[in-house]
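In: requesting a structural model of the entry that follows:
(one chain, ligands or ions: 1)
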Amino acid sequence: MKSKTDKLLHFDRKHIWHPYTSIENPLDVYLVESACGVRIRLSGGIELIDGMASWWSAIHGYNNPHLTEVVQQQAAKLAHVMFGGLTHEPAIELCKILLSIAPDSLERVFLCDSGSVAVEVAMKMAMQYSFSKGCKQKNRFLTIRSGYHGDTFHAMSVCDPETGMHQIYQGALPQYYFAETPRCSFSDPWDQNDICSFEQLIATHHDSLCGVILEPVVQGAGGMRFYNPEYLRQVRALCDKYGILLIADEIATGFGRSGEMFACNHALISPDILCLGKALTGGYMSLAAVLATSEVGRVISHGEPGVFMHGPTFMGNPLACSVALASIELLLQSDWQENISRISEKLWAGLEPCKTLEGVKDVRVLGAIGVVELEKPVNLQAIQKRFVENGVWVRPFGKLVYVMPAYIMDDNEISTLTSAICRVVTEEVSNG
Ligand SMILES: *Cc1c(COP(=O)(O)O)cnc(C)c1O
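Out: Numbering: from 1, shown residues only. Have a look, this model is predicted:
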């Protein structure tokens, strides 16, 4: 007799696609029964300390009693209503609080479903801005290598062409410009040569560019790199010099993750368009927001057709908006900045010992993000199993073993997590 768990997993294995996974020969998946705080409970009762916060999103941990109650109350009142011609308090209050914490110049908010859609929206906005100004030839984008912006078509077109996992679609993608990956790391002394490639490309192509898009300071899924804020400051200045909109993709970095509320704050700059997602709802559901300056709104409104051409079915979903509002309020009520530096110190103390291991290329920490970069790609199937056996949930990709825990993780839990990483990485590099 097969157990219920086996039956469920059997169906899953036969029929359900998982992210970046073969449908016919999938990697193992684990059945989750519930999750609370920083712990994921698997069917069978095994509990794992979660290092991933479900890909940057569950910043307050799972099943936060207040957030859960907010969702329940909102569901009983108004789960969803179309946003065309109608509005509601959860959306209005959410946009109000977003504008109060975002860089000052941002004054217009577009709500949408997910990070990739937010990137599409931001790129469409930049393009429509140029069209509205009468510059129809300005429809290209400039970005930097090692970036990741999502899996939809235009988002793919600005992901790193090599690490971006989208090579096979290359022929169908618009061809944009890629500056060299910034080399100067977050804490390195600034080297003016680092900006040369970007400066050259913007100088050569500004007549055809409508926007620059990048992840400020922290490059996520494209390589988990932390670059020097001076790079971002100079990108801002160059965009101003050539009159090109700067789109900051803070879908991963928003809401304190890098130690500042937004990673742009490290460079004291403000983008023209800002994309938010992932942690926006505290990991409860999918929602994203695109914030723009009133100048972007003004130009689009005064051009043809005068309206911004986008409007998803679930735009401004009240469930998502109400939990996002509550999640941001929770964050603001906490001593989040001090807490992130606590996590940062603990992550560094716990991961630094990996630095001396043969086969480990680098260990780096910024804010509540810890990265161990190996020389070679890991064997995902095997290493995943070892992490679970060690009681933690860590999901590496390629050469990167990385964590971005919930902000509520205490010192002991961080040390359990980092010890497990050191153990498993030690095995991995000695086997490989
Ligand atoms: C995750 C991510 C996206 C895509 O968001 P989805 O919600 O997965 O579509 C875009 N940009 C960055 C920087 C991300 O980390």
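In: can you name the residue of the stretch 1-150 of the chain nearest the ligand?
Out: Relative to the ligand, the nearest point of the stretch 1-150 of the chain is residue 115 (2.0 Å; C-beta to the nearest ligand atom). Heads up, the C-betas are built off the backbone N, CA and C, glycines and all.
In: near the ligand, which residues of this protein? Just list them.
Out: Residues of the chain lying close to the ligand by C-beta under 6 Å from any ligand atom are 114-116, 119, 148-150, 215, 220-221, 249, 251-252, 277-278.
In: swap in 8 Å and give it another go.
Out: Contact residues (C-beta under 8 Å from any ligand atom) of the chain with the ligand: 55-56, 114-119, 147-152, 155, 215, 220-221, 249-253, 275, 277-278, 286, 288.
In: just the buried ones from those residues, in PyMOL syntax?
Out: Those of the residues of the chain next to the ligand that count as buried under 16 or more other C-beta atoms under 10 Å are selected in PyMOL with:
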select buried, resi 55+56+114+115+116+117+118+119+147+148+149+150+151+155+215+220+221+249+250+251+252+253+275+277+278+286+288
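In: show me the residues of the chain next to the ligand that map onto strands.
Out: Here DSSP state E is the test, and these give 249, 275, 288 as lying in strands.
In: between these, which sits nearest the ligand?
Out: residue 249 (4.6 Å).
In: any idea how far residue 83 lies from residue 286?
Out: Separation of residue 83 from residue 286 (C-beta to C-beta, to the nearest Å): 15 Å.
In: same question but for residue 192, I mixed them up
Out: Shown here: residue 192 relative to residue 286, a distance of 41 Å by C-beta to C-beta.
In: which non-adjacent residue is nearest the residue of the stretch 301-432 of the chain found nearest the ligand?
Out: The nearest approach of the stretch 301-432 of the chain to the ligand comes at residue 404, 10.5 Å away (C-beta to the nearest ligand atom). Excluding the flanking residues, the one nearest residue 404 by C-beta to C-beta, 6 or more residues apart in numbering is residue 369, at 4.8 Å.
In: what's the local residue count around that neighbour?
Out: The tally of other residues near residue 369 (other C-beta atoms under 10 Å) stands at 25.
In: what pairs with it across the strands?
Out: residue 366 (DSSP bridges).
In: and the nearest residue to residue 269 once chain neighbours are set aside, its phi and psi?
Out: Distances taken as C-beta to C-beta, 6+ apart place residue 236 nearest to residue 269, at 4.2 Å, with adjacent residues excluded. Main-chain dihedrals, residue 236, degrees, to the nearest 10: phi -60, psi -50.
In: list the contacts of residue 236.
Out: Under the criterion of C-beta atoms under 8 Å, 6 or more residues apart in numbering, the neighbours of residue 236 are 246, 267, 269-271.
In: ok, which pair from those residues is furthest apart?
Out: The distance between the two most remote of these (C-beta to C-beta) is 11.1 Å, for 246 and 267.
In: higher neighbour count, the two?
Out: Neighbour count, other C-beta under 10 Å: between residue 246 and residue 267, residue 246 has more, with 23 against 20.
In: okay, the helix or strand where that one lies in PDB with CA atoms only?
Out: Counting by DSSP states H and E, the element that carries residue 246 is strand 245-249. Only the C-alpha atoms of strand 245-249 are listed here, as PDB (Å, rounded to 0.1, in the frame of the first residue of the first chain):
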ATOM      1  CA  LEU A 245      15.200  56.800 -18.100                       C
ATOM      2  CA  LEU A 246      16.700  54.600 -15.400                       C
ATOM      3  CA  ILE A 247      14.700  51.600 -14.400                       C
ATOM      4  CA  ALA A 248      15.800  50.000 -11.100                       C
ATOM      5  CA  ASP A 249      14.700  46.400 -10.700                       C
END
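In: what does it rub up against?
Out: Applying C-beta under 8 Å, 6+ apart, the external contacts of strand 245-249 come out as 119, 122-123, 126, 129, 147, 149, 210-216, 235-236, 239, 262-264, 271-275, 296.
In: same question for it, mean pLDDT?
Out: Averaging pLDDT along strand 245-249 gives 98.
In: each with direction, which strands does it pair with?
Out: strand 209-214 (parallel), strand 273-276 (parallel).
In: mind putting those into CSV with mean pLDDT?
Out: Shown next, in CSV, are the strands paired with strand 245-249 (pLDDT from 0 to 100):
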stretch, mean pLDDT
strand 209-214, 98
strand 273-276, 98
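In: low-scoring stretches of the stretch 101-250 of the chain, by residue?
Out: 164 (pLDDT under 70).
In: recalculate using a threshold of 80.
Out: Within the stretch 101-250 of the chain, the stretches with pLDDT under 80 are 163-167.
In: all strands for the stretch 151-300 of the chain, in order.
Out: With DSSP state E, counting those that start in this stretch, the ranges of strands along the stretch 151-300 of the chain come out as 177-179, 209-214, 218-219, 225-226, 245-249, 273-276, 288-293.
In: tell me the pLDDT at residue 402?
Out: For residue 402, the model assigns a pLDDT of 98.
In: distance between the helix or strand harbouring it and the chain's centre?
Out: According to DSSP H and E, residue 402 maps onto strand 400-403. Its chain's C-alpha centre lies 14 Å from the corresponding centre of strand 400-403 when counted by C-alpha atoms, centre = their mean, to the nearest Å.
In: got the contact list for it?
Out: The contact list for strand 400-403 (C-beta under 8 Å, 6+ apart) reads 51-52, 223-224, 347, 369-374, 378, 383, 394, 396, 417, 421, 424-425.
In: next one: stretch 319-329
Out: Taking C-beta under 8 Å, 6+ apart as the rule, stretch 319-329 contacts 59-60, 66-67, 70-71, 73-75, 79-80, 88, 90-91, 93-94, 97-98, 101, 111, 255, 279-282, 284-287, 314.
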